[in-house]
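J.: Please work out how this folds:
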Amino acid sequence: MAYRFGLIGEHIASSLSPVLFSWAFQQTGTSGSYTLFDFPRRLARSFLLRARVDWDGLNVTAPHKDLAYTLCDELTDTAMKVRAVNTLVRKQSKLIGYNTDVAGFRYALEQKLELASKADRVLIVGTGGAARAALVAVSQMLTPLEIAVTSRRPAEALDRIAPVLPAPFAPVLLTHTKARKRLHEFDVVVQATPVGHLANPGFPLDPPFTFKPGALVFDLIYSPRKTLFLEAAQSFNAITENGLVMLLAQAAESYQIWTGKPFPLEHAVRELLPELRNT
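T.: As a prediction, this is how the structure comes out:
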C-alpha cells in the first residue's frame with residue numbers, strides 16, 4: 001500500500017515536512033508520498049472537504065487550523081481542548097481531527113526541561129492554533145506562578161484563550177505594549193505567531209525590548225532558522241530554540257497516527273536534526 005499524505009497551508013514552499021516524511025518512509029520501509037498544497041483561505045475549505053475521499057492523511061498549518069477544526073466529523077480530546085486541528089485522518093469517509101502540536105511542543109520543552117522547570121513566569125506571544133497548543137503543553141508540564149498571553153487584539157484573544165485554560169487557571173492577557181514592557185520578567189517566552197517567517201518578516205512585538213538573561217526563548221518558526229526575535233534574544237544571553245524540534249516531534253506523532261508505525265524520533269534528532277539546522 002502506498003500512502004498519500006500532504007500538508008495544506010499558506011506560504012509553505014519552504015516547509016520541511018516532505019523531507020521529514022520521505023526520511024520516515026525510508027527508515028520504516030513504507031511506500032508513500034507527501035505533497036504540499038499552498039492554498040489561501042478562500043480555497044482551503046473545498047480542498048479540506050475533499051480530504052474525506054482523496055487522502056490517507058493531511059497535516060494542516062497556518063492559517064487553516066481553525067477551519068479544519070470546524071470541518072471535522074470527529075475530534076480527539078486534545079484537538080477539542082486546543083480548538084485547533086493540525087492532523088487529519090480519513091476513516092470511512094469521515095474526517096477525524098487530531099492536534100499533534102501539543103505533543104510536539106511538549107517534546108521541545110522536555111529537551112530544555114532542566115531550565116524550563118524553574119520558570120516562574122511564562123509568556124506566549126499569539127493566540128492562534130500553535131499558541132494554544134503551546135499553552136496546553138506549558139500547563140501540562142510546568143508550574144509557573146504566571147502564564148501570560150499577548151495579542152494585538154486582546155478582545156478577540158479572550159474568546160480564543162478562555163476555553164483552553166478556564167478559570168482558575170486562565171492565563172493573564174496582555175496587550176503588546178504591556179508585554180513588551182514586561183518582557184524582561186519572563187523566564188520562558190514562546191513566539192507562536194507567523195511574524196518573522198520568510199513570507200512575513202519583522203518582529204512579533206515592536207522593538208526595542210529587553211529579554212531576561214538566561215531566559216529560554218522559543219520561536220516556533222524555522223524558516224529562517226534564526227528569526228529577528230531569536231537574534232534579539234541571543235543579544236541578551238537568552239537560550240534560544242527555533243521550531244525544528246517541535247516540527248520533528250509533531251510529525252512523528254502524525255506519522256504514527258496515520259500508519260500505526262512508530263516514527264524513529266530519537267534517531268531523527270541525532271541524525272536528521274543537525275542536517276536540517278544547517279540547511
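
J.: and the nearest residue to residue 183 once chain neighbours are set aside, what is it in contact with?
T.: Among residues not flanking residue 183 along the chain, residue 209 sits closest, at 4.7 Å (C-beta to C-beta, 6 or more residues apart in numbering). Heads up, the C-betas are built off the backbone N, CA and C, glycines and all. For residue 209, the set of contacting residues under the criterion of C-beta atoms under 8 Å, 6 or more residues apart in numbering consists of 180, 183-184, 232.

J.: I'd like to know which of these are buried.
T.: Neighbour counting by 16 or more other C-beta atoms under 10 Å classes 180, 183, 232 among the contacts of residue 209 as buried.

J.: Domain map for this protein?
T.: Under the assignment named as automatic domain parsing, the residue ranges that make up the domains of the chain are 2-99+245-278, 103-242.

J.: May I see those domains arranged in CSV, with mean pLDDT as well?
T.: As requested, the domains of the chain are exported to CSV (pLDDT from 0 to 100):
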stretch, mean pLDDT
domain 2-99+245-278, 94
domain 103-242, 94
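
J.: how about the residue nearest to residue 183, secondary structure?
T.: Reducing the assignment at residue 209 to three states with DSSP: H, G, I helix; E, B strand; the rest coil gives coil.

J.: Toward the C-terminus, what is the element adjacent to the helix ranked longest in the chain?
T.: In the chain, ranked by residue count with DSSP state H as the criterion, the top helix is helix 244-259. Once helix 244-259 ends, the next helix or strand along the chain (criterion: DSSP states H and E) is helix 265-267.

J.: List the contacts of that next one.
T.: 27, 107, 248-249, 252.

J.: Go ahead and build a ChimeraX selection from the buried members of those.
T.: Buried members of those can be picked out in ChimeraX with the line below, counting by 16+ other C-beta under 10 Å:
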select :107,248,249,252
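
J.: Between the contacts of helix 265-267, which sits nearest residue 65?
T.: Nearest to residue 65, judged by C-beta to C-beta, of these is residue 249 at 16.9 Å.

J.: where along the stretch 151-279 of the chain do the helices fall?
T.: Secondary structure of the stretch 151-279 of the chain by DSSP state H, counting those that start in this stretch: the helices cover 154-161, 176-182, 228-235, 244-259, 265-267, 273-278.

J.: hey, which of those helices is tucked in deepest?
T.: Here the criterion is mean neighbour count by mean count of other C-beta atoms under 10 Å, and of those the winner is helix 244-259, at a mean of 23.
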